[in-house]
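Peer 1: generate a structure from the sequence data that follows.
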Amino acid sequence: DYNPDQWSEAVQEEDARLMKLAHWNIATVPVFSWAHLNPAEGAYTFEWLDRVIERLTRAGIDLCLCTATASTPAWVAQHYPDVLTVDEQGRQKPHGNRHAFCPNSPSFRRLGGALVREMALRYRGQPRLKLWHVNNEYGGLWPNYCYCPRCADGFRAFLEQRYGSLARLNEAWSTAFWGHTYTSFTQIDPPFAHGERSIQTMILDFRRFQSASYLACFEHEARILREATPDVPVTTNLMGPFFALNYHDWAQALDVVAWDNYPRHDTPFTEVAFNHALNRGLRGGEPFLVLEQSPSHQNWADYCRLKPPGKLRLLSLQAIAHGAESVMYFQWRKSQGGIEKFHGAVVEHHGRSDARVFREVSELGQELAALGQRTLGARTPAKVAVVFDWECWWAQKASSGPSRDLDYHAEVVHHFAALHAAGIATDVVGPHADLARYDVIVLPVAYLLRSAQARAIVERVRAGATLVATFWSGVVDEDDRVHEGGAPGPLREVLGFTVEEFDALPPELEQGVRFASPLGSLGADVTHEASLLCERLWLANAKPLAHYTQQFYAGDTALTVNEYGKGKAYYLGTRLAQPTLLAFFAAIAAAHGIASPLRDGAAPPAGVEVTKRVSPSGEALLYLLNHGDVPQAVALPAGVYVDALSGETFEGSATLVPRGVRILGAAS
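Peer 2: All right, here's what the predicted structure looks like:
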């Protein structure tokens, strides 16, 4: 992100020189410049941007042009108040901040679209234009849903189209409970904070509606750009597992997935890996772009912690290890004022190129230039999939019960992290993904489970795949209505049991499980920690795998396995600790010949991450990343390897310094 309109032309000349020095080869402009490009209705002032582009072009810098519609000018709000949002209390927000626009405002669509059209026509012949960046971080500064009268009307129309009739809506929303039956669509309001919040399906549907409304804003601008510049890809910057928007719905509208990677100083590297895998999975495993990361501070964090030497390089190459084809930054130069004046930047307030951060960015730029095209287009050859479902997340969040400690997103990450720690390549896929290429399907806390989704999973198990489902799965359908017969709903036959009841454990209450017989490295003589939720099961065809050790249901079945067709279905009726999950997944994957790419399929050392990507030409690159503070030796599979970064040759093992990275290809 480059914000030249904050600086004099003399500083802009220096920026162009420094970008070349930093091996920075693309600039995103002008992200927040609507007011500078369009100071009044029908008036456009592109001349300053022309000069910026000319300078960047002379320096050999490519362009990611942003439509600048994320920050609505004051004049727009003054003359067209329909652009202003209404909060969940029913109060209209004044102009200010960013993302302060109603996604269903006709004035926002008209005026923003006019700016986009002028920009597209002006720069469509620009040879340096590589990418269109629409708006910026849609829905950011959450919560940012709009509850205005237009959104209320739009919500009613959305519901009428979704359900077709009031009878169907009342059934889906279970409005007979508490006597909330509707007799007209006009009686339905959005779920205001001080209004109707007891109908959980209403909340779920409003989230569906708002996500679709913001997506319609993107599609409106994207259509204009594609008409003018059909050969330039169009995207916007997603925000990883961002609660407010269902990115599985968004992905097909993008030409390439792009996202902003902002881990905090204490974010586990496995969670960052999950975020990359999530974005990679949005379009069936396609590579993606990182459009923003901080080179140093993140000023909105609780503590502005510096990235220690090597951490920026490590995080950047981690992104590439998981499918990224760009390493980009917010921001180029620290601003002199405003809310993000202390946010990290390549160029600090002192403006010097001998600063540590500038030197690290420059050195990384040199390495990326040396890698060239070698990593581009590569895919992750995963045979294991973890399912992540935004609507399940929304529904679980809106639910009253079973535990205030149950966090859907955290549970999916918990299970992904165990697979990742075992070194097992894992994709993160949506609820409607094609599962044909996966031998192991992990379905954590699938509270909301559609019948069609369940049928696809069942057929894959019948054909020979292994399913691992967990507690609190198959509870409700897409309308948040409990499946007939209770959990696990449409998975009852493949799993081979019915849930009798569940027990939500407070943190201070202990629970454990013991395996009936050894499973992989999990012995039958050890008690393994369990927590959060414990389900008691009525077994049909399923066989007990492990039993509870505490509470009145000690001795009852906690984990099960059921043979089904050519495959197997496992069920974890309680939350297992990370070491137990790691060993469990290693044993399940091994039955399909799936393991870490390291020697003998061993898990990487603690703190070390291992991934593999295969290029379109068939070249496999092994990525080793040491996130720890001590050197680590990693046992390599048989063969001789050359580090694509350093040119060093390795056989048998490779040593990684703290925050060190190796990208190893087979020696020719």
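Peer 1: in the top helix by length along the chain, what's buried?
Peer 2: Across the chain, the longest stretch assigned as helix under DSSP state H is helix 200-228. Across helix 200-228, burial judged by 16 or more other Cβ atoms under 10 Å covers 200-215, 217-222, 224-226, 228. Yep, even glycine has a C-beta here, placed from its N, CA and C like the rest.
Peer 1: and it, what does it pack against?
Peer 2: Packing contacts for helix 200-228, counted by 3 or more Cβ pairs under 8 Å, 6 or more residues apart in numbering; DSSP states H and E, involve helix 106-123, helix 149-163, strand 234-235, helix 247-251, helix 390-398.
Peer 1: pull the distance from the shortest one to the chain's centre.
Peer 2: Strand 234-235 has its average C-alpha position 17 Å from the chain's average C-alpha position, going by Cα atoms, centre = their mean, to the nearest Å.
Peer 1: other residues contacting it?
Peer 2: 131-134, 222, 225-226, 254-258, 289, 291 (Cβ atoms under 8 Å, 6 or more residues apart in numbering).
Peer 1: for the longest one, same thing?
Peer 2: Counting contacts by Cβ under 8 Å, 6+ apart, the residues outside helix 106-123 that touch it are 34, 37-38, 41, 44, 46, 53, 63, 65, 67-69, 72, 76, 80, 82-83, 101-102, 129, 150, 217, 220-221, 224-225, 227-229.
Peer 1: weed out the non-buried ones from those.
Peer 2: Looks like the contacts of helix 106-123 have 34, 37-38, 46, 53, 63, 65, 67-69, 72, 76, 80, 83, 101-102, 129, 150, 217, 220-221, 224-225, 228-229 buried, using 16+ other Cβ under 10 Å.
Peer 1: please name the residues that touch the nearest residue to residue 241 once chain neighbours are set aside.
Peer 2: Closest residue to residue 241 apart from its sequence neighbours, by Cβ to Cβ, 6 or more residues apart in numbering: residue 409 at 5.5 Å. Residue 409 makes contacts with 241, 243, 388, 393, as judged by Cβ under 8 Å, 6+ apart.
Peer 1: could I have the CA atoms of the strand or helix carrying residue 409 written out in CSV?
Peer 2: Per DSSP states H and E, residue 409 falls inside helix 408-421. Taking Å, rounded to 0.1, in the frame of the first residue of the first chain, the C-alpha atoms of helix 408-421 are listed here in CSV:
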residue,chain,number,x,y,z
TYR,A,408,-16.2,-23.0,16.5
HIS,A,409,-13.3,-21.2,14.8
ALA,A,410,-11.0,-22.1,17.6
GLU,A,411,-12.0,-25.8,17.5
VAL,A,412,-11.4,-26.0,13.8
VAL,A,413,-7.9,-24.4,14.2
HIS,A,414,-7.3,-26.8,17.1
HIS,A,415,-7.8,-29.9,14.9
PHE,A,416,-5.9,-28.4,11.9
ALA,A,417,-3.0,-27.5,14.3
ALA,A,418,-2.7,-31.2,15.4
LEU,A,419,-2.5,-32.3,11.7
HIS,A,420,0.0,-29.6,10.9
ALA,A,421,2.2,-30.4,13.9
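Peer 1: that older thread, out of the contacts of residue 409, which is nearest to residue 57?
Peer 2: Nearest to residue 57 among the contacts of residue 409: residue 241, at 37.3 Å, using Cβ to Cβ.
Peer 1: please report how far the closest one lies from residue 220.
Peer 2: Distance of residue 241 to residue 220, given as Cβ to Cβ, to the nearest Å: 25 Å.
Peer 1: now residue 491
Peer 2: Using Cβ to Cβ, we find residue 491 at a distance of 40 Å from residue 220.
Peer 1: likewise for residue 542?
Peer 2: Between residue 542 and residue 220 the computed distance is 50 Å (Cβ to Cβ).
Peer 1: likewise residue 399?
Peer 2: 34 Å.
Peer 1: mind listing what the residue nearest the centre of the chain touches?
Peer 2: Ranked by distance to the mean C-alpha position of the chain (Cα atoms, centre = their mean), the top residue is residue 240 at 2.7 Å. Contact analysis of residue 240 by Cβ under 8 Å, 6+ apart lists 259-261, 275, 278-279.
Peer 1: output those in TSV; the columns should cover secondary structure.
Peer 2: Shown next, in TSV, are the contacts of residue 240 (DSSP: H, G, I helix; E, B strand; the rest coil):
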residue	secondary structure
259	strand
260	strand
261	coil
275	helix
278	helix
279	helix
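Peer 1: residue 43: neighbour count?
Peer 2: Residue 43: 9 surrounding residues under other Cβ atoms under 10 Å.
Peer 1: spit out the contact partners of it.
Peer 2: Counting by Cβ under 8 Å, 6+ apart, residue 43 makes contact with nothing.
Peer 1: ok, now residue 639?
Peer 2: By Cβ under 8 Å, 6+ apart, the contact set of residue 639 is 651, 666-667.
Peer 1: repeat the analysis, applying 7 Å as the threshold.
Peer 2: Shown in contact with residue 639 (Cβ atoms under 7 Å, 6 or more residues apart in numbering): residue 666.
Peer 1: who does the helix or strand harbouring it pair with, and is each partner parallel or antiparallel?
Peer 2: Using DSSP H and E, residue 639 maps to strand 632-643. Looking at strand 632-643 with DSSP bridges, its partner strands are strand 649-656 (antiparallel), strand 661-666 (antiparallel).
Peer 1: could you check how far it is from the centre of its chain?
Peer 2: In terms of Cα atoms, centre = their mean, the centre of strand 632-643 is found 31 Å from the chain centre.
Peer 1: got the CA positions of that strand in PDB?
Peer 2: Presented in PDB, the C-alpha positions along strand 632-643 are these (Å, rounded to 0.1, in the frame of the first residue of the first chain):
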ATOM      1  CA  GLN A 632      16.900 -27.400  14.900                       C
ATOM      2  CA  ALA A 633      18.100 -30.300  12.800                       C
ATOM      3  CA  VAL A 634      15.500 -31.800  10.500                       C
ATOM      4  CA  ALA A 635      15.900 -35.400   9.100                       C
ATOM      5  CA  LEU A 636      15.400 -35.300   5.300                       C
ATOM      6  CA  PRO A 637      14.000 -38.100   3.100                       C
ATOM      7  CA  ALA A 638      16.500 -40.000   1.000                       C
ATOM      8  CA  GLY A 639      18.300 -38.000  -1.600                       C
ATOM      9  CA  VAL A 640      20.400 -34.900  -2.200                       C
ATOM     10  CA  TYR A 641      18.700 -31.500  -1.900                       C
ATOM     11  CA  VAL A 642      19.700 -28.000  -2.900                       C
ATOM     12  CA  ASP A 643      18.400 -24.900  -1.000                       C
END
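Peer 1: which members of the contacts of strand 234-235 define the maximum pairwise distance?
Peer 2: 226 and 291, at 19.2 Å, using Cβ to Cβ across those.
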